[in-house]
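Engineer: Below: sequence and its predicted model.
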Amino acid sequence: MKRKSFQHKWSVLFYLLLPIIGGGWVGVLTSCSDDDDASGSSSLAIVSSSVFFPSQGGDGQVVVAGNETVEAHLPVSWCQATVSGQTVMLTAQPNTTIEGRSAILTLRTASGSARLTVQQRGIVYNFPHQRYYIYGDTAISASLPISYDNATTVSTSASWLSASLQAGHVAYEAQPNTTQRVRSAWVRIASGQYRDSLKVLQYDAQTDILGHYTLAGTEADGSTVELPGTLGYTGKTLYFRVPSRSWNIAMQLDSLSPTLHLSSMEYAGRLKTDTASYYVTLITAPLVDRNFQIYLSSSYGMRALLDYDEQMGTTVGRFEDDGSWASTGFTPNGIVFWLSTARPATVATSVGSMGGLVDPYLYRTD
């Protein structure tokens with residue numbers, strides 16, 4: 001709407017929104033006049049106003065006193081102003097971001113003007129929880145608090161896991177796991193433009209972990225290496241046994257999660273050639289410029305969380321830094337089979353590497 005040209009001087013009124021104790025907002029009108037206006041200031045009286053919107057949007061209005069023609073100007077696209085007589089109708093669109101927003105609504109009549117701050121709150125969303133929850137194979141029923149004030153939905157990625165919103169909580173339930181495999185699924189949350197998720201994993205250490213696996217990875221030149229074997233216990237020690245090499249690689253199973261721990265300097269077995277016999281020691285190591293950085297120390301290791309991999313369609317554990325490498329400045333991404341003439345491997349007894357796996361992982365094959 002074009003602004004009218006007025007021949008006389010007019011006052012400017014400012015409308016501010018100030019927070020008050022206990023919540024809510026209070027409107028404050030202030031005015032000023034031109035210094036050379038001898039007749040004094042004139043005011044545009046506001047009968048009532050509703051210019052603060054929740055994130056969902058909605059309708060508000062400003063009612064102007066008198067019967068003069070009212071013009072309204074609001075230079076934003078998220079809120080529209082429509083004049084009907086002495087009432088300015090406001091319609092705010094939903095705010096799908098966490099940030100609040102505001103705009104200046106300017107009102108004019110023949111005798112005065114006013115400026116009001118139109119404000120809209122950002123979306124309220126808070127789900128301050130970890131993203132991984134591990135349970136046994138029995139049925140699960142759990143819930144986590146969530147805060148939101150926008151349209152929010154929850155869904156799951158598997159039929160055995162269900163979820164719903166209940167009294168400010170994300171509630172989820174899982175059926176008993178009878179697959180004899182580690183399994184997991186996602187609870188997904190959508191609130192405005194925000195997306196969140198948590199993973200629910202079920203397993204039993206006695207029935208879902210042990211079995212046939214392949215230890216795989218790539219060599220430094222990119223070629224694929226696979227070592228089929230079996231994960232099982234001898235006494236209280238967990239081994240990954242590689243029959244083709246007669247190797248037994250000791251691992252540790254975490255007591256609270258299906259996580260395998262692999263330490264450096266674990267003796268795996270022997271390598272016999274026509275002329276010599278060597279000891280094979282497993283060493284975790286970082287690959288730097290196509291060369292493994294070798295530390296002959298049991299202080300370093302890697303770990304792999306066994307979980308269901310949708311792409312591979314089976315249980316997979318990818319080895320990564322277990323936190324022991326921080327002081328070195330390196331991130332381990334390889335397993336090296338190190339040869340020595342005696343146990344344990346030392347600088348003096350070391351012969352060198354017989355090969356290694358970059359980005360090693362275990363995947364279940366039975």
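Structural biologist: Received, thanks.
Engineer: which ones are touching residue 132?
Structural biologist: 198-199, 201 (C-beta atoms under 8 Å, 6 or more residues apart in numbering). All C-beta atoms are positioned from the backbone trio N, CA, C, and that covers glycine.
Engineer: Show me what it is bridged to.
Structural biologist: For residue 132, the beta-bridge partners under DSSP bridges are residue 199.
Engineer: returning to what we had before: same list (the contacts of residue 132) but as TSV, adding pLDDT, distance to residue 261 and neighbour count.
Structural biologist: What follows is these, written out as TSV (pLDDT from 0 to 100; distance: C-beta to C-beta, whole Å; neighbours: other C-beta atoms under 10 Å):
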residue	pLDDT	distance to residue 261	neighbour count
198	96	24	18
199	96	21	16
201	97	17	20
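Engineer: Put together JSON lines for those residues, with distance to residue 249 on each row.
Structural biologist: JSON lines is the format used below for the contacts of residue 132 (distance: C-beta to C-beta, whole Å):
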{"residue": "198", "distance to residue 249": "33"}
{"residue": "199", "distance to residue 249": "28"}
{"residue": "201", "distance to residue 249": "24"}
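Engineer: Which one of these is nearest to residue 174?
Structural biologist: Proximity of the contacts of residue 132 to residue 174 (C-beta to C-beta) peaks at residue 201, which lies at 9.6 Å.
Engineer: ok, the strand of greatest length in the chain: who's next to it in the sheet?
Structural biologist: Using DSSP state E, we find that the single longest strand of the chain is strand 350-364. Within its sheet, strand 350-364 is paired with strand 211-218 (antiparallel), strand 314-321 (antiparallel), strand 334-340 (antiparallel), according to DSSP bridges.
Engineer: Determine which stretch of these is the most buried.
Structural biologist: Highest mean neighbour count among the strands paired with strand 350-364 (mean count of other C-beta atoms under 10 Å): strand 334-340, with a mean of 22.
Engineer: Pretty sure residue 337 sits against residue 279.
Structural biologist: No. Counting by C-beta atoms under 8 Å, no contact exists between residue 337 and residue 279, whose distance comes to 10.6 Å.
Engineer: doesn't residue 222 fall inside a helix?
Structural biologist: No. The assignment for residue 222, made by DSSP: H, G, I helix; E, B strand; the rest coil, is coil rather than a helix.
Engineer: any idea how far it is from residue 287?
Structural biologist: 12 Å (C-beta to C-beta, to the nearest Å).
Engineer: higher neighbour count, the two?
Structural biologist: Each of residue 222 and residue 287 has its neighbours counted (other C-beta atoms under 10 Å); residue 287 has more, 20 against 7.
Engineer: for the more buried one, what are its contacts?
Structural biologist: Residue 287 is in contact with 220, 293, 333-334, 356, 358, counting by C-beta under 8 Å, 6+ apart.
Engineer: Apply 7 Å and report the result again.
Structural biologist: Residue 287 makes contact with 220, 333-334, 358, according to C-beta atoms under 7 Å, 6 or more residues apart in numbering.
Engineer: Please report how far residue 113 lies from residue 106.
Structural biologist: Separation of residue 113 from residue 106 (C-beta to C-beta): 7 Å.
Engineer: just residue 75 next, same as before
Structural biologist: According to C-beta to C-beta, residue 75 stands 9 Å off from residue 106.
Engineer: ditto for residue 275
Structural biologist: If you measure residue 275 against residue 106 using C-beta to C-beta, the figure is 94 Å.
Engineer: The two - which one has more neighbours?
Structural biologist: Higher neighbour count among residue 275 and residue 106: residue 106, with 17 against 5, using other C-beta under 10 Å.
Engineer: is that one in a bridge, and if so with what?
Structural biologist: residue 73, residue 115.
Engineer: which residues sit against stretch 330-343?
Structural biologist: Under the criterion C-beta under 7 Å, 6+ apart, residues 267-268, 271, 278-287, 292-294, 300, 302, 321, 325, 345, 349-360 lie in contact with stretch 330-343.
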